[in-house]
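> Predicted structure and sequence below. I'll ask about it afterward.
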2 protein chains.
Amino acid sequence: MHTVEQRPLTPAARRVLEVASELFYSRGVNVVGMELIAEEAGVTKKTIYDRFGSKQRLVVAYLRARDLRWRDFLTSRVEAHGPPIDRIVATFAALEEWMDRENERGCAMVNAYAELSDPRHPGRAVAQEQKHWLRDLYRTLVAPTGAGDPDALADTLLMLHEGAVVARNVTGITDAALTAKEAAQALLRAHGADGPDQR
Amino acid sequence: MHTVEQRPLTPAARRVLEVASELFYSRGVNVVGMELIAEEAGVTKKTIYDRFGSKQRLVVAYLRARDLRWRDFLTSRVEAHGPPIDRIVATFAALEEWMDRENERGCAMVNAYAELSDPRHPGRAVAQEQKHWLRDLYRTLVAPTGAGDPDALADTLLMLHEGAVVARNVTGITDAALTAKEAAQALLRAHGADGPDQR
DNA sequence: AGGTAAACACACCGGTCGGTATACTATCAA
DNA sequence: TTGATAGTATACCGACCGGTGTGTTTACCT
């Protein structure tokens, strides 16, 4: 039988997941074969299938792990600020830092969503969940600002966020996150958000 | 020898390109094999290779054709309006219409960019060119509005545009383009753009 | 009548895909 | 001591991948 659940990964399984994550992200989920992963992780295919069961599940594990890392990172950056408006701005500063560090190929969820066209593939749900989570995050951040039409504002911020990733990735606009951050501040002002930074 | 250049496509080649476009877009470039395309187009693989030379070139032909359709569509919608601000707003209305009609799987260029991880694949350049074209379009549309910081505003509009596609595709926000349009209007106002709609 | 282009049919190539089977070894806890 | 557990190595499977070769048929142009 294989693991798949949250039982702590064996050392070999951890290596597999690390290597697979790197390869899946940098080259794409469909392009990378199981044999390559096994080779790079110094492990036999048998071990991978013993631990993860199938490629589909390994892909899901990769997406879940990356999603978790991103959420933890973003959450910590948001919580480092008090005022609602500062928190919203912090999401774009966090995005900027994240993209500089480890987003060479754009958003892993968006890329996976593009690659996994079969609607039954469970990896699609992982990507959707992340975006729904981000949408909800913006809603909860917008609410206490007293901005008008808060739901539309939250969706707009979400779009700016996702658009910045795409623009940076394919158009090569390196300061996309910065531009998005300034646009977000302008929008908050336009929606009448009141915060300590307002005058 | 095979065609590849802009010589008018033979009837069989046209059928191949139509079928390939549908399959490439709806299922992904890497997932669809040449045999399936040949089958669905009622054509032998030999014919495809005689006309297009390789899968890589067929993919490029698909991207070029789709890009052209989109540019023609967007250009016509923009030119239907006179005032600069109306033209900018028209891009988001056009996006809304386009997404309702034929964007079930998001932006073909962004998806292809995600799938074609090999930087040497010429399909990547096609995607990049479209986004650069769109960026330039927004720049030329923003310039005559007299808005402050026009380049940043153009990039912001680009991000809203791309973000709306992603948000609608993976998050399922069906009115994403509408929300983006309203945000664009607010941003134009915030940048002090003057137009017939201003008061 | 002859030539050329565009299809057809079909067999075939080396290689890779995800996944399985068998057998053996090292570690460690009951 | 025994018996899982986790790992190794290797061979194998059918299916499919992108791509090619040989030869035939159809239709239009000169």
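Here it is on my side, so go on. Residues are numbered from 1 along each chain as shown, chains lettered A, B, ... in the order given.
> make it CA atoms for all contacts and neighbour counts henceforth
OK.
> Read off the pLDDT value for the closest residue to DNA strand C within chain A.
As assessed by CA to the nearest atom of the strand, DNA strand C sits closest to residue A:33 within chain A, at 3.2 Å. Per-residue confidence (pLDDT) for residue A:33: 95.
> Would you list the phi and psi of it?
phi -90, psi 160 (degrees, to the nearest 10).
> since we're on it, how many residues are nearby?
Look at residue A:33: counted by other CA atoms under 10 Å in any protein chain shown, it has 13 neighbours.
> The longest helix seen in chain A vs chain B: in contact?
The longest helix of chain A (DSSP state H) is helix A:55-79. No - on the criterion CA under 8 Å from any CA of the partner chain, helix A:55-79 is out of touch with chain B, staying 14.8 Å away.
> avg pLDDT for the helix or strand where residue A:47 lies?
Here residue A:47 sits within helix A:45-52, counting by DSSP states H and E. The pLDDT scores in helix A:45-52 average 95.
> What of stretch A:96-112?
95.
> gap between the two ends of it?
End-to-end span of stretch A:96-112 (CA to CA, to the nearest Å): 21 Å.
> for that stretch, the distance to its chain's centre please.
In terms of CA atoms, centre = their mean, to the nearest Å, the gap separating the centre of stretch A:96-112 from the centre of its chain is 7 Å.
> quick one: low-confidence ranges for chain A?
Within chain A, the stretches with pLDDT under 70 are A:1-7, A:195-199.
> need the helices for chain A, in chain order.
Going by DSSP H, chain A shows helices at A:11-27, A:34-41, A:45-52, A:55-79, A:84-102, A:108-115, A:122-142, A:150-166, A:176-190.
> and the longest one, anywhere near DNA strand D?
Spelled out, it's helix A:55-79. No - no part of helix A:55-79 sits near DNA strand D under the criterion CA under 7 Å from any atom of the strand; the closest distance found is 13.4 Å.
> hmm, stretch A:44-55 in reach of DNA strand C?
Yes - using CA under 7 Å from any atom of the strand, stretch A:44-55 reaches DNA strand C at A:45-46, A:49, A:53-55.
> circling back to that earlier point, now do the longest helix of chain A against helix A:45-52, angle only.
60 degrees (axes from the mean of the first three to the mean of the last three CA atoms, to 10 degrees).
> report the angle between the axes of helix A:55-79 and helix A:34-41?
Using the same axes, to 10 degrees: helix A:55-79 against helix A:34-41 is 60 degrees.
> show me the contacts for residue A:184.
For residue A:184, the contact set (CA atoms under 8 Å, 6 or more residues apart in numbering or on different chains) comprises A:89, A:157, A:160.
> Tabulate those residues (a markdown table), appending distance to DNA strand C and neighbour count.
Listed next are those as a markdown table, based on distance: CA to the nearest atom of the strand, whole Å; neighbours: other CA atoms under 10 Å in any protein chain shown:
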| residue | distance to DNA strand C | neighbour count |
| --- | --- | --- |
| A:89 | 40 | 18 |
| A:157 | 36 | 31 |
| A:160 | 34 | 31 |
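> Near chain B, which residues of chain A are found?
Neighbours of chain B within chain A, by CA under 8 Å from any CA: A:26-28, A:30-31, A:105, A:110-115, A:117-118, A:127-128, A:131-132, A:152, A:155-156, A:158-164, A:166-167, A:170-171, A:176, A:179-180, A:183, A:186-187, A:190.
> of those, buried ones?
A:26-28, A:31, A:105, A:110-115, A:117, A:127-128, A:131-132, A:152, A:155-156, A:158-164, A:166-167, A:170-171, A:176, A:179-180, A:183, A:186-187, A:190 (16 or more other CA atoms under 10 Å in any protein chain shown).
> Dihedrals phi and psi, residue A:191?
Dihedral angles (degrees, to the nearest 10) for residue A:191: phi -90, psi 0.
> quick one, what contacts it?
Residue A:191 sits next to A:147-149, A:153 when contact means CA under 8 Å, 6+ apart.
> can you do 10 Å?
Counting by CA atoms under 10 Å, 6 or more residues apart in numbering or on different chains, residue A:191 makes contact with A:145-150, A:153, A:185, B:183, B:186.
> Please convert the buried members of these into PyMOL selection syntax.
Here is the PyMOL command that selects the buried residues among those (16+ other CA under 10 Å):
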select buried, (chain A and resi 145+147+150+153+185) or (chain B and resi 183+186)
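> Distance to residue A:37 added to the contacts of residue A:191, as JSON lines?
As requested, the contacts of residue A:191 are exported to JSON lines (distance: CA to CA, whole Å):
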{"residue": "A:145", "distance to residue A:37": "47"}
{"residue": "A:146", "distance to residue A:37": "50"}
{"residue": "A:147", "distance to residue A:37": "49"}
{"residue": "A:148", "distance to residue A:37": "50"}
{"residue": "A:149", "distance to residue A:37": "48"}
{"residue": "A:150", "distance to residue A:37": "45"}
{"residue": "A:153", "distance to residue A:37": "43"}
{"residue": "A:185", "distance to residue A:37": "44"}
{"residue": "B:183", "distance to residue A:37": "44"}
{"residue": "B:186", "distance to residue A:37": "49"}
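> Would you mind trimming the contacts of residue A:191 to those in range of DNA strand D?
Among the contacts of residue A:191, not one lies near DNA strand D by CA under 7 Å from any atom of the strand.
> Of the contacts of residue A:191, just say which sits nearest to residue B:64.
Lowest distance from residue B:64 to the contacts of residue A:191 (CA to CA) belongs to residue B:183, with 30.5 Å.
> who touches the closest residue to residue A:132 other than its chain neighbours in this structure?
Spatial nearest neighbour of residue A:132, excluding adjacent residues (CA to CA, 6 or more residues apart in numbering or on different chains): residue B:171 at 6.2 Å. In this structure, residue B:171 makes contact with A:127-135, B:164-165, judged by CA under 10 Å, 6+ apart.
> how about a cut-off of 8 Å?
A:128, A:131-132.
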